[in-house]
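Q: Got a predicted structure plus its sequence, pasted below:
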Amino acid sequence: MSPALLRICKAPAVRALLIQCACLPLSYALVWLLLRAAVDIDYAGAALLQGGLAAVVSGWRRLARWWLAIQLLFPLALLGGAGLQLPPGLFLTLFLVFLLIFWSTFRTQVPYYPSGRRAWDAVALLLPAGPVRCIDIGSGLGGLVLDLAARRPDGVFSGIELAPLPWLVSRLRAVPVANARFLRGDYESLDFADFDVVFAYLSPAVMTALYEKASAEMRPGSLLLSYEFCIAKKTPDLTIQPEGGGALLYGWHF
Ligand SMILES: C[S@@+](CC[C@H](N)C(=O)[O-])C[C@H]1O[C@@H](n2cnc3c(N)ncnc32)[C@H](O)[C@@H]1O
């Protein structure tokens, strides 16, 4: 199996789906046995049985605890969704919209959710004087990059985003802005040595790998910032409470 395919198969969402599929024959057999034994089981009961089996197997396969709840309720949610009898075209449209927004989230474990103005204010205060080069890795709709670009015309502000729709929106928003640019792609393929400040608002799942990449590539004097998520392995040099409250902003000097 190729390393890329192996990585996809190891993603928790893919493992959860495979577990649901693997449990189907067993729950089907159990429902059949229950019906033969004249035990009355309806569709909701069968869905709960399937979800329960999948949750037990997920616990055994050491998926994170929140996956157990998702596994338990997923078949019931499917049943409820089917019961709404919505037009198939609506399902397809919703699926495509979610796909364009969340794209590789099943693999990266980093969904889209925006940071917001309080975080941007805190980041702006930490930018070094002079013509800074700053990147938001996983730039979403581009809010942070465009905000910093407006505050600091002497700097160059970049964003890189995997998901097509947020990237397109940010690209269009940046058309009139000379010092902001957005790339579509994976930040793992970037060289962090090209930047003075790297900002991340990602998820706990990627923080250790992010720090390893940053330590290998970032130049002396540069700064890694992470909103909300700290790095377990490395105590931050800065911990800032943005004005007005909210999550903390962490920083590591190189
Ligand atoms: C929590 S959102 C943060 C959005 C934005 N930085 C902000 O502060 O509002 C994380 C974003 O990172 C993107 N992302 C996740 N993994 C990525 C990767 N490996 N390369 C590029 N973008 C990624 C997701 O698609 C998502 O839009």
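A: In hand now; what should we look at?

Q: Can you name the residues of this protein sitting close to the ligand?
A: Selection of the chain residues close to the ligand by CB under 6 Å from any ligand atom yields 108, 110, 112-115, 136, 138-140, 143-144, 160-163, 166, 186-188, 201-202. Just so you know, the C-beta spots here come from the backbone N, C-alpha and C atoms, and that holds for glycine as well.

Q: Next, check those residues against the strands and list the overlap.
A: 136, 160-161 (DSSP state E).

Q: Could you identify which of those has the most neighbours?
A: Greatest neighbour count in these, by other CB atoms under 10 Å, goes to residue 136: 30 neighbours.

Q: isn't that residue right next to residue 146, touching?
A: No - at 9.9 Å, residue 136 does not count as touching residue 146 under the criterion of CB atoms under 8 Å.

Q: tell me, what's touching the two both at once?
A: residue 157 (CB atoms under 8 Å, 6 or more residues apart in numbering).

Q: who are the neighbours of the lowest-mean-pLDDT helix or strand in the chain, in terms of helices and strands?
A: Scoring the helices and strands of the chain by mean pLDDT, DSSP states H and E places helix 3-10 at the bottom, with a mean of 79. If you count contacts as 3 or more CB pairs under 8 Å, 6 or more residues apart in numbering; DSSP states H and E, helix 3-10 packs onto helix 12-36.

Q: ok, 10 Å please
A: Packing partners of helix 3-10 (3 or more CB pairs under 10 Å, 6 or more residues apart in numbering; DSSP states H and E): helix 12-36, helix 105-108.

Q: Which of those helices has the lowest mean pLDDT?
A: Lowest mean pLDDT within the helices and strands packed on helix 3-10: helix 105-108, at a mean of 82.

Q: Can you tell me which helices and strands that helix packs against?
A: In terms of contacts (3+ CB pairs under 10 Å, 6+ apart), helix 105-108 is packed against helix 3-10, helix 12-36, helix 88-102.

Q: if you compare those, which one is most tucked away?
A: Comparing the helices and strands packed on helix 105-108 by mean neighbour count (mean count of other CB atoms under 10 Å), helix 12-36 ranks first with a mean of 15.

Q: Can you pull out the residues in contact with that helix?
A: 7-9, 11, 39-41, 43, 45-58, 60-64, 66-68, 70-71, 74-75, 78, 105-107, 109, 205 (CB atoms under 10 Å, 6 or more residues apart in numbering).

Q: immediately after that helix, which helix or strand?
A: helix 43-60 (DSSP states H and E).

Q: Check which residues of that next one are buried.
A: Within helix 43-60, the residues scored as buried using 16 or more other CB atoms under 10 Å are 46-55, 57-58.
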